[in-house]
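Participant: Fold the following, please.
(2 chains)
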Amino acid sequence: MDAILFLTFAAIAVACAINLVLQTHPISSALSLVGVMTSLAVLYLLLGGSFIAAVQVIVYAGAIMVLFIFVIMLLNTQGERTQPKKNVLPIAIALPLLFSLIGVLAAIVATQVPAGEIVKFGTFSGGDPLTFGRAMFTRYLLPFEVTSVLILIAIVGAVVLAKKEI
Amino acid sequence: MNFYIISLVKAGITAGVLLTFCAYLVWIERKVLAHIQLRPGPYRVGPHGLLQPLSDLIKLMTKEGVIPANVHTFFYLFAPFLAVALALISIVVIPFGPEFSILGVTTGLGLTDLNIGILLVLAVSSLGVYAIALGGWASNSKYSLMGGLRSAAQMISYELPMALAIVSPLLLLNTLNFREMVVGQEGFALGFIPRWTIFAAPVPQVFSFIIFMIAVFAETNRVPFDLPEAETELVAGFHTEYSSLMFAAFFTAEYANIITVCCVATALFLGGWQPLWPAAYGSNFVPPLIIGLAGLMLLYHGSQALKSRRWDRFSFPAIGVIFLGLAGLFFVPVLQPVLIPFFWFASKLLVLIFVFIWVRGTLPRFRYDQLMKFAWTFLFPAALINLLITGLVVALTSQ
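Facilitator: Residues are numbered from 1 along each chain as shown, chains lettered A, B, ... in the order given. Next up is the predicted model:
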């Protein structure tokens, strides 16, 4: 059951990711990204990270991508009308590179990951909000706070850059 | 196997009740609005217009579903589907009553007990904006686009105060699971004040409740925040170009969302199925008393029927007897542990839904800039301060 769900949603995630690149209309691309994120949330859920799954949907799909869609709709951008190109060179370079990347990754996984430590569904139980909160506010408190300061700086920077007079 | 059968039965019942309730919510809303405005409301189809939802449904189903020229067909058809699918999902985490045993099977009154229940509600409601925004954009009409844009901006803005208002009662209840939340609100302080979070001992969550309700009005696009479908400016907003069942899908989604958020408010702030006062003081007799009195009233009115309405002589007593039978059901020992908690849950839910309709009949619509200013300069800071005070008090008293 877990394996079927994993394969289904992994396939959906990959299909949405490919669709994201292939689509010419910005809205279609943005929605494909939403598809990728929600299927990733399901994968987190399968691994036992229920809290991460919910946060993935709330933050990425529900807040960040809505802003993307909002801006695309506001500017009312149309799809690109590109002519089909006859240039074979990029494809000729990219395809072997892609295959070699997949080959290298497969080799690394096959040699580096011990056979006994492959992730199994349902064995991980540290994904509930309680353990998550404990870890975040005790052991990883410093990285957490530093990240929040970093985000604050980014927000202030964006406002300074965007506004002509403050 | 047993689990799948029970789940299927429960899902079927919940979906059926929810959709029927959605249809009748329209009738309730029209009736209440009409009485606020001193009109009788729907009256022609069936007694007191009770068959109006059915005839509305038949009308919507038999209408032609127009797909206008130059729309983005895929998204145009996808948006209503998405809206209704997302609106019906969140109900799965709501518990309607305590666990009970029937025919040797113990099960909870409600579909599931997720331990991230409230996060699921937040996640699904945050996805709901896509349906409206996409529907508005794909229609390729300026009014629809304006409606969709307004909806997206409004939902992002009001999601923040809503989430912050939810956090404060969660601090008191210490769980994200709805069933545990309601169980945590069991009992009575001083013997008669219910331990609901809205009356909770160190910090009563009245402000959280008010902020939550205001934000929820905006999230469900209801008056006074119904800018996405403001008919005086935008014809019908994001669903201007929709007709037939696609329009019905948006309509159902709106009402299903109202029901879900009222369920959340009931479970989170008003103690779910916990009674208003202890059973020792006779709270178990309230449901049969109310329903029985309604039955007796119908019997009396049946005997006093007007000469011009001869049919009332039969229909009133018949319905009255049904009501008395319903009241009798509350005394059956097997059904009592299910029906009485469900009655309390349903009555709180209906009170909140009445507030929704009451506000619609009373308040005028906000202007768009007022809406945004209200969210960011008042509601958001208020929710933050509320959370800060609650957190401080909980941290000081929980030693």
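
Participant: Let me see the ranges of the helices in chain A.
Facilitator: Ranges of helices in chain A, per DSSP state H, are A:2-22, A:26-47, A:50-55, A:65-75, A:89-112, A:129-137, A:141-162.

Participant: To B:Phe323, which of those helices lies closest?
Facilitator: B:Phe323 lies closest, by CB to CB, to one member of the helices of chain A: helix A:50-55, at 43.0 Å. C-beta: built from backbone N, CA, C; applies to glycine.

Participant: as a whole number, average confidence for the closest one?
Facilitator: When pLDDT is averaged along helix A:50-55, the result is 86.

Participant: what sits against the closest residue to chain A within the stretch 1-150 of chain B?
Facilitator: Here the stretch 1-150 of chain B gets closest to chain A at one residue, B:Ser126, 2.6 Å apart by CB to the nearest CB. Going by CB atoms under 8 Å, 6 or more residues apart in numbering or on different chains, B:Ser126 touches A:57-58, A:61-63, A:66, B:155, B:159.

Participant: Closest one to B:Ile6 out of these, please.
Facilitator: The closest of the contacts of B:Ser126 to B:Ile6 turns out to be A:Val57 (CB to CB; 27.5 Å).

Participant: How about the closest one, nearest residue that isn't a chain neighbour?
Facilitator: B:Ala123 (3.9 Å; CB to CB, 6 or more residues apart in numbering or on different chains).

Participant: Just want to check the distance between that neighbour and B:Gly117.
Facilitator: Separation of B:Ala123 from B:Gly117 (CB to CB, to the nearest Å): 11 Å.

Participant: Residue ranges of each domain in chain A, please.
Facilitator: Domain ranges of chain A: A:1-79, A:126-166, per automatic domain parsing.

Participant: Switch those domains over to JSON lines; also include mean neighbour count.
Facilitator: Compiled in JSON lines, the domains of chain A are given as follows (neighbours: other CB atoms under 10 Å in any protein chain shown):
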{"stretch": "domain A:1-79", "mean neighbour count": "17"}
{"stretch": "domain A:126-166", "mean neighbour count": "10"}
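
Participant: Distance to B:Arg150 for these - can I get that in TSV?
Facilitator: What follows is the domains of chain A, written out as TSV (distance: least, CB to CB, whole Å):
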stretch	distance to B:Arg150
domain A:1-79	10
domain A:126-166	22
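
Participant: what sits against residue 23?
Facilitator: Assuming you mean chain A. A:Gln23 neighbours (CB under 8 Å, 6+ apart): A:29, A:32.

Participant: think we crossed wires, I meant chain B
Facilitator: Neighbouring residues of B:Ala23 by CB under 8 Å, 6+ apart: B:53-54, B:56-57.

Participant: List buried residues within those residues.
Facilitator: Burial by neighbour count, 16 or more other CB atoms under 10 Å in any protein chain shown: within the contacts of B:Ala23 this picks out B:53, B:56.

Participant: Nearest to A:Ile18 among the contacts of B:Ala23?
Facilitator: Taking CB to CB as the measure, A:Ile18 sits nearest to B:Leu57 out of the contacts of B:Ala23, at 40.9 Å.

Participant: Tell me the secondary structure at the residue lying closest to the closest one once chain neighbours are set aside.
Facilitator: Nearest non-adjacent residue to B:Leu57, counting by CB to CB, 6+ apart: B:Ala23, 6.6 Å away. When classified by DSSP: H, G, I helix; E, B strand; the rest coil, B:Ala23 comes out as helix.

Participant: and the residue nearest to A:Val57, how many neighbours does it have?
Facilitator: B:Ala123 is flanked by 25 other residues according to other CB atoms under 10 Å in any protein chain shown.

Participant: Off-centre distance for the helix or strand it falls within?
Facilitator: Element membership for B:Ala123, per DSSP states H and E: helix B:117-138. Relative to its chain's centre, helix B:117-138 lies at 16 Å (CA atoms, centre = their mean, to the nearest Å).

Participant: center of the chain - which residue?
Facilitator: You didn't say which chain, so I picked chain A. Chain A has A:Met37 as the residue nearest its centroid, 5.5 Å off, counting by CA atoms, centre = their mean.

Participant: The intended chain is chain B.
Facilitator: Most central in chain B (CA atoms, centre = their mean) works out to B:Ile259, at 1.7 Å.

Participant: contacting residues around B:Phe96?
Facilitator: Contacts of B:Phe96 (CB under 8 Å, 6+ apart): B:109-110, B:273, B:341-342, B:345-346.

Participant: Could you rerun that using 10 Å?
Facilitator: The contact partners of B:Phe96, by CB atoms under 10 Å, 6 or more residues apart in numbering or on different chains, come to B:14, B:17, B:108-111, B:182, B:263, B:266-267, B:272-273, B:338, B:341-342, B:345-346, B:349.

Participant: Over to B:Leu77?
Facilitator: Neighbour list for B:Leu77: B:65, B:67, B:71, B:135, B:138, B:246 [criterion: CB under 10 Å, 6+ apart].

Participant: which residue ranges form the helices in the stretch 1-150 of chain B?
Facilitator: Counting by DSSP state H, counting those that start in this stretch, the stretch 1-150 of chain B has helices at residues B:2-36, B:52-62, B:73-89, B:117-138, B:142-173.
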